[in-house]
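**Student:** Structure of the sequence below:
(one chain, ligands or ions: 1)
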Amino acid sequence: MLDNLSATKVSGGWHKQYSHTSTSTHCPMRFAIFLPPGASQTNKVPVLYWLSGLTCTDENFMQKAGAFKKAAALGIAIVAPDTSPRGDTVPDQDSYDFGQGAGFYLNATQAPYNTHYNMYDYVVNELPSLIEQHFPVTDKKAISGHSMGGHGALMIALRNPKSYTSVSAFSPITNPIDCPWGQKAFSQYLGDDQSQWANYDSCELMKKAHSNEFLPMRIDQGDADNFLVEQLKPDNLTAVAKQVNYPLTLNMHAGYDHSYFFISSFIDEHLSFHQLYLQR
Ligand SMILES: CC(=O)Oc1ccc2c(C)cc(=O)oc2c1
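**Tutor:** Modelled structure (predicted):
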């Protein structure tokens, strides 16, 4: 059952927030949806799934990205889930990069995280099926995200190439097994066996991708981003893409940082990129 929390008209469409009890994370989850003008049971629209970064909720993208006008013009719905399970019963740490707000879009295998931290199942299976059941959308899906959410988008698309028409990311963590944020999260959610970590690492997944299942992939990255060298490492992914001929375009942007100012500057281009493939 979906509990409607808000409904606000914007750019001729509707921004709505919902809560529901998740069978994947075993707790109430919130998500936001933007429905473009004219979306109806007789005019179903495709969906862009947006995965946010560390500390974010369903609200950051919707309030700060400035995506509504373009999504309305292109007839694309946008769905933004929360970034982790939440609540008093959900294990947490007093830390911005682990626990609540930092689910890393994986299925945890380690206690005490493995009961609730199943964001992979939630984003890949439960949420799309809920969205397709309750809203006027087609089953055409694209996926995008920022930073930790960029990692989520790339990793999920690489693992499920038949489920998405295209993938993009802003400032993504491209190689989590080789950076402090990823190593901190994966060691606690997935345990010490690093062979398990590769299942959630975009560089490792891209090495194994089948050429007949390659997806159009776009990444935008600011060169004034404080996290570029230590955490994000886009060159690691471009090196793999070159090795396996993966159709990845990395756009570097002079002077831009890690913030939503950067995302809002290029979100229209990402929506147009996804529209090319969603409409086919
Ligand atoms: C709203 C906002 O600024 O979001 C934001 C800020 C910082 C970060 C960092 C450092 C990492 C990440 O994964 O996401 C993220 C999101």
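
**Student:** Check the separation of the first and last residues in stretch 119-130.
**Tutor:** This stretch, stretch 119-130, spans 15 Å end to end (C-alpha to C-alpha, to the nearest Å).

**Student:** Buried ones in that stretch, by neighbour count?
**Tutor:** Buried residues in stretch 119-130, counted by 16 or more other C-beta atoms under 10 Å: 119-120, 122-124, 126-128, 130. No exception for glycine: its C-beta is placed from N, CA and C like everyone else's.

**Student:** Show only the entries of the residues you listed found in helices.
**Tutor:** Using DSSP state H, the members of the buried residues of stretch 119-130 that fall in helices are 119-120, 127-128, 130.

**Student:** Kindly reformat those residues as TSV containing pLDDT.
**Tutor:** Listed next are those as TSV, based on pLDDT from 0 to 100:
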residue	pLDDT
119	99
120	99
127	98
128	98
130	98
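
**Student:** quick one: which of the residues you listed is nearest to the ligand?
**Tutor:** Lowest distance from the ligand to these (C-beta to the nearest ligand atom) belongs to residue 119, with 13.4 Å.

**Student:** Up against the ligand, what does the protein have?
**Tutor:** Proximity of the chain to the ligand (C-beta under 6 Å from any ligand atom) is limited to residues 53-56, 60, 146-148, 227, 258-260.

**Student:** can you pull the buried residues of the helix or strand that contains residue 197?
**Tutor:** Per DSSP states H and E, residue 197 falls inside helix 194-197. Across helix 194-197, burial judged by 16+ other C-beta under 10 Å covers residue 197.

**Student:** How far off centre is that helix?
**Tutor:** How far helix 194-197 lies from its chain's middle: 21 Å, per C-alpha atoms, centre = their mean, to the nearest Å.

**Student:** repeat for stretch 113-133
**Tutor:** Its chain's C-alpha centre and that of stretch 113-133 lie 12 Å apart, by C-alpha atoms, centre = their mean.

**Student:** Same check on stretch 32-46?
**Tutor:** Centroid separation for stretch 32-46 versus its chain: 20 Å, with C-alpha atoms, centre = their mean.

**Student:** Over to stretch 150-160?
**Tutor:** Stretch 150-160 sits 8 Å away from the centroid of its parent chain (C-alpha atoms, centre = their mean).

**Student:** which helices and strands sit right next to the longest helix out of those in the chain?
**Tutor:** When the chain is parsed with DSSP H, its longest helix is helix 260-278. For helix 260-278, the packing partners by 3 or more C-beta pairs under 8 Å, 6 or more residues apart in numbering; DSSP states H and E come out as strand 45-51, helix 59-64, helix 68-74, strand 137-145, strand 167-170, strand 217-222, strand 248-253.

**Student:** What separation do you get for residue 96 and residue 253?
**Tutor:** As judged by C-beta to C-beta, to the nearest Å, residue 96 and residue 253 stand 25 Å apart.

**Student:** Also residue 92?
**Tutor:** To residue 253, residue 92 is 34 Å away according to C-beta to C-beta.

**Student:** Show me what residue of the stretch 1-150 of the chain gets nearest to the ligand.
**Tutor:** Closest point on the stretch 1-150 of the chain to the ligand, by C-beta to the nearest ligand atom, is residue 53, at 2.2 Å.

**Student:** Pick out the residue nearest the middle of the protein.
**Tutor:** residue 51 (2.5 Å; C-alpha atoms, centre = their mean).
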